[in-house]
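Student: Structure for the following, please:
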Amino acid sequence: MAQPGSAAIVLILILSLTVVKGLGGKVGGRKEIKDVKTNQEVQELGRYSVEQYNRGQRQRRSNGGSGGLKFAEVVEAEKQVVSGIKYYLKVMTATSSGVPKTFDAVVVVRPWKHSKELLNFAPSSPTTK
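Tutor: From the prediction side, this is the model:
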């Protein structure tokens, strides 16, 4: 028969191991998404980013002309758990004249609210790895 204190010790050990394992990565840190080109959710977020950017550009132009960016694909992505999931995307696009351009987008998804929000969409700066 187990002693009453031994169950508490086992419980404490299990909880300690769970906390340590959970802290193995950076808590709240960015994590690379490996399967970017085949990940439908990531590609849809890239498409959403371009659509939102184009919508904002049309609202800023007084003539209401078209000619926004066309989504090509997301080529890199990271995610970070915040109050939702924050996605950092490198999005390939093309202008209406076919000139390729790369943008960095930041989108926050809050699944429990069925919402997503484009926080930033800016030309990508060249990086060296």
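Student: what secondary structure does the most centrally placed residue in the chain sit in?
Tutor: Nearest residue to the geometric centre of the chain (CA atoms, centre = their mean): residue 87, 1.1 Å. In three-state terms, and counting by DSSP: H, G, I helix; E, B strand; the rest coil, residue 87 is strand.
Student: Next, count neighbours for the residue nearest to it when sequence neighbours are not counted.
Tutor: Residue nearest to residue 87 in three dimensions, not counting chain neighbours: residue 107, with 4.8 Å by CB to CB, 6 or more residues apart in numbering. Quick note: C-beta positions are derived from backbone N, CA and C, even for glycine. Applying other CB atoms under 10 Å, we find 24 residues neighbouring residue 107.
Student: Distance-wise, check residue 107 relative to residue 126.
Tutor: Distance of residue 107 to residue 126, computed by CB to CB, to the nearest Å: 22 Å.
Student: returning to that earlier point: isn't the residue nearest to the centre of the chain right next to residue 77, touching?
Tutor: Yes - proximity of residue 87 to residue 77 meets the contact threshold set by CB atoms under 8 Å, at 6.2 Å.
Student: which residues are common contacts for these two?
Tutor: Counting by CB atoms under 8 Å, 6 or more residues apart in numbering, the contacts common to residue 87 and residue 77 are residue 42.
Student: ok, and for the longest helix along the chain, which residues are buried?
Tutor: Longest helix of the chain, by residue count under DSSP state H: helix 40-60. Of the residues in helix 40-60, 42-43, 45-46, 48-50, 52-54 count as buried by neighbour count, 16 or more other CB atoms under 10 Å.
Student: Alright, I will stop here.
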